[in-house]
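1. Based on what follows, work out the 3D shape:
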Amino acid sequence: SDSDKRDFIAGYAVEPVFATGDARPAPLISHPTPRSPPMPSCYNLVASRAYSPVVRRESPKDTIMKTVSRAYDTHADARAAVSALEEAGVPSKDISLVANKCVSADLDEVDKYPDTATGIGLGTALGGGAGMLAGLGILTIPGLGAVVAAGWLASIAVGAMAGAAAGGVVGALVDAGLSKEHADVYSEAVRRGCTLVSARVAGREGAKIQAILDRYKPIDPVQRGSAYRGEGWTCFDPKAPAYRPSEAELERIRRAGPS
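-> Residues are numbered from 1 along each chain as shown. This is a model prediction of the structure:
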């Protein structure tokens with residue numbers, strides 16, 4: 001009805017007319033939706049930084065490949081170290097092993113082999129049933145002669161025979177980033193019966209891989225080098241005569257289980 005209508009005049013609400021009097025104008029009250037004032041651009045920048053997830057950018061050192069090497073007095077310790085690397089996710093293609101042929105009595109009469117792997121199944125015979133160890137073969141490396149080896153480092157060292165690298169294992173280790181002093185000691189250690197294990201890994205994995213290899217009692221290259229020099233040794237000599245381990249050394253080298 002007309003009495004229920006409400007008219008708006010010039011911004012005022014007019015109440016319905018009653019019999020007792022005229023309409024009484026009342027102010028029209030508006031309730032707009034509140035709006036926040038615009039934030040300064042500097043505030044928005046700070047807020048976006050405060051609530052945005054932090055993304056860590058990798059340093060070049062994290063992604064550059066590095067080589068971690070250790071030498072072991074017993075072949076069993078070296079094999080265990082290789083298996084641990086593979087279990088940790090290091091691809092077999094990035095692991096290398098070079099050992100003196102004296103690790104096996106079956107190789108005592110071997111003096112020299114061609115520069116290719118021979119002896120199919122040799123890895124299994126030496127206790128490596130799978131992975132990189134299953135591919136062990138006999139190779140000839142300058143300065144070491146016939147060795148039991150597999151992997152990328154052995155391939156580079158063998159390449160020295162064809163001029164692809166200089167210095168056999170020493171040259172291969174130095175090219176991979178090892179100091180010349182430690183490369184000499186490791187090469188001499190292999191000549192005297194040790195087994196060298198090397199792994200290529202991303203820089204961010206270096207400390208982890210070192211910790212894995214250190215579980216299996218590797219030699220200390222500083223102490224071993226000092227011991228060698230005490231005997232008159234100065235550096236690795238690729239022309240030195242073949243080393244003949246003593247019976248005690250052979251027993252240690254060929255020990256069946258990890259030390």
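2. going forward, measure contacts and count neighbours with C-alpha atoms only.
-> OK.
3. residue contacts, the residue lying closest to Asp73 once chain neighbours are set aside?
-> For Asp73, ignoring the flanking residues on the chain, the nearest one in space by Cα to Cα, 6 or more residues apart in numbering is Cys194 at 4.8 Å. Residues counted as contacts of Cys194 (Cα atoms under 8 Å, 6 or more residues apart in numbering) are 71-75, 99-100, 253.
4. repeat that for 10 Å
-> Cys194 sits next to 71-75, 78, 98-103, 186-188, 218-219, 249, 252-253 when contact means Cα atoms under 10 Å, 6 or more residues apart in numbering.
5. Next step: these restricted to helices.
-> Assigned to helices by DSSP state H, the following of the contacts of Cys194 qualify: 75, 78, 186-188, 249, 252-253.
6. mind checking how far Ala172 is from Thr67?
-> Ala172 sits 11 Å away from Thr67, taking Cα to Cα, to the nearest Å as the criterion.
7. Repeat that for Asp94.
-> 9 Å.
8. Find residues that contact each of the two.
-> Common contacts of Asp94 and Thr67, defined by Cα under 10 Å, 6+ apart, comprise 153, 198-201.
9. Report the buried members of these.
-> The neighbour count (16 or more other Cα atoms under 10 Å) marks 153, 198-201 as buried among the shared contacts of Asp94 and Thr67.
10. Let me know the closest of the residues you listed to Gln223.
-> Ser198 (19.6 Å; Cα to Cα).
11. would you say that closest one is within a helix?
-> No - using DSSP: H, G, I helix; E, B strand; the rest coil, the secondary structure at Ser198 is strand, not a helix.
12. pretty sure it is in contact with Ser92, am I right?
-> No - the pair Ser198 / Ser92 is not scored as a contact, 11.0 Å apart, by Cα atoms under 10 Å.
13. what do those two both touch?
-> Joint contacts of Ser198 and Ser92 (Cα under 10 Å, 6+ apart) are 82, 151-152.
14. how about JSON lines for those, with pLDDT added?
-> Shown next, in JSON lines, are those (pLDDT from 0 to 100):
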{"residue": "Val82", "pLDDT": "94"}
{"residue": "Gly151", "pLDDT": "87"}
{"residue": "Trp152", "pLDDT": "85"}
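15. Lowest-confidence entry in the shared contacts of Asp94 and Thr67?
-> Minimum pLDDT for those is recorded at Leu153 (85).
16. Using CSV, write out the CA atom coordinates for the helix or strand containing it.
-> Per DSSP states H and E: Leu153 is located in helix 152-159. This file holds the C-alpha atoms of helix 152-159, laid out as CSV (Å, rounded to 0.1, in the frame of the first residue of the first chain):
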residue,chain,number,x,y,z
TRP,A,152,86.8,-45.1,-16.6
LEU,A,153,90.1,-44.5,-14.8
ALA,A,154,91.6,-47.7,-16.1
SER,A,155,90.5,-46.8,-19.6
ILE,A,156,92.2,-43.4,-19.4
ALA,A,157,95.4,-45.0,-18.0
VAL,A,158,95.4,-47.6,-20.7
GLY,A,159,95.0,-44.8,-23.3
